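Novice: structure of the sequence below:
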Amino acid sequence: MHDHDISGQFQKNIFISLLFTVSYFILLITYNGIELKKISNSLLILFMVASVVFNMGALFFAFKHYRKIMAIIFIIINSLGLLSTLILLLMILS
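Specialist: Sure thing, here's the model as predicted:
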């Protein structure tokens, strides 16, 4: 009976991580659809903050079950998303 509870908790955490990952990809697609002339500094900052929040949320819930293969896949995907946001930040600051 205890194994079923762990399986349910795993499914819940992976689902939440999936929701954060999908939200990040929707944010990324929306941001890429905006013309460069219409992007302001505040919109860029909002995109970067939202992407960091979505990626960190997905990583938080995926790290709760880091030994499962599905969680490892979400960790890799969201780590790359977080890395791309940090690279964008470094390109802007330099």
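Novice: tell me the buried residues in the least confident helix or strand in the chain by mean pLDDT?
Specialist: Across the helices and strands of the chain, mean pLDDT, DSSP states H and E gives its lowest value to helix 2-33, namely a mean of 82. Buried positions in helix 2-33, judged by neighbour count with 16 or more other CB atoms under 10 Å: 10, 13, 14, 16, 17, 20, 21, 23, 24, 27, 28, 31. From N, CA and C alone the C-beta is placed, and that goes for glycine too.
Novice: turn those residues into a markdown table, columns for distance to residue 47.
Specialist: Formatted as a markdown table, these follow (distance: CB to CB, whole Å):
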| residue | distance to residue 47 |
| --- | --- |
| 10 | 31 |
| 13 | 26 |
| 14 | 26 |
| 16 | 22 |
| 17 | 21 |
| 20 | 15 |
| 21 | 16 |
| 23 | 13 |
| 24 | 11 |
| 27 | 7 |
| 28 | 9 |
| 31 | 5 |
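Novice: center of this protein - which residue?
Specialist: Nearest to the mean C-alpha position of the chain, counting by CA atoms, centre = their mean, stands residue 55 at 2.5 Å.
Novice: any idea how far that one is from residue 74?
Specialist: Between residue 55 and residue 74 the computed distance is 10 Å (CB to CB, to the nearest Å).
Novice: cool, residue 57 as well?
Specialist: 11 Å.
Novice: same question for residue 39.
Specialist: Going from residue 39 to residue 74 by CB to CB gives 29 Å.
Novice: residue 66 too?
Specialist: 10 Å.
Novice: so those two - more neighbours on which side?
Specialist: Per other CB atoms under 10 Å, whichever of residue 66 and residue 74 has more neighbours is residue 74, with 23 against 10.
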